[in-house]
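[1] got a predicted model here, sequence first, then my questions.
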Amino acid sequence: MSTRTTQKDLEGLVNRLNRITNSPATYSDKQENGRFKSNIGHYHLDKAYGGVKLARVVNESGGITCPCSMGYETKKDAYYIIAAFIAGIEAQQNEGGAK
């Protein structure tokens, strides 16, 4: 990672998180009736107040939860928090395979 954390850096982490958890890659999909339905389980970045945090879709209406219990952070702090979250998931996945 460069000395400056960019939006692209964060999006790359979130894409990786969606891949390793087999979560949907997109926030929503268009249905046959033309309406959009949110993809439950999709991780994405939520932005407000000049900061960013990790969020996960919990229902088809787009409701979210914040799995890292973080507020809106700087991009750099959010990067480290999300990277630690990924490391924990990967450690659990590796431990599960070793048994």
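    Yep, it's here. Since this is a predicted model, take the numbers as computed values, not measurements.

[2] show me the beta-bridge partners of the residue most central in space within the chain.
    The structure's the chain has its C-alpha centroid closest to residue 43; by C-alpha atoms, centre = their mean the separation is 3.1 Å. According to DSSP bridges, the residues that bridge with residue 43 are residue 56.

[3] residues touching it, list them.
    Residues in contact with residue 43, defined by C-beta atoms under 8 Å, 6 or more residues apart in numbering, are 14, 17, 18, 21, 23, 54, 55, 56, 67. C-betas here are computed from N, CA, C, even on glycine.

[4] nearest to residue 83 among those?
    Proximity of the contacts of residue 43 to residue 83 (C-beta to C-beta) peaks at residue 17, which lies at 9.6 Å.

[5] list the contacts of residue 31.
    Contacts for residue 31 were tallied using C-beta under 8 Å, 6+ apart; they are residue 37.

[6] distance of it relative to residue 18?
    If you measure residue 31 against residue 18 using C-beta to C-beta, to the nearest Å, the figure is 21 Å.

[7] please enumerate the helices of this protein.
    Assignment of helices within the chain using DSSP state H yields the ranges 7-20, 75-98.

[8] the longest one to helix 7-20, inter-axis angle?
    Meaning helix 75-98. Using axes from the mean of the first three to the mean of the last three C-alpha atoms, to 10 degrees, the direction of helix 75-98 lies 20 degrees away from that of helix 7-20.

[9] what lies in contact with helix 75-98?
    Counting contacts by C-beta under 8 Å, 6+ apart, the residues touching helix 75-98 from outside are 1, 5-7, 9-10, 13-14, 16-17, 20-21, 45, 51-54, 67-68, 70, 73.
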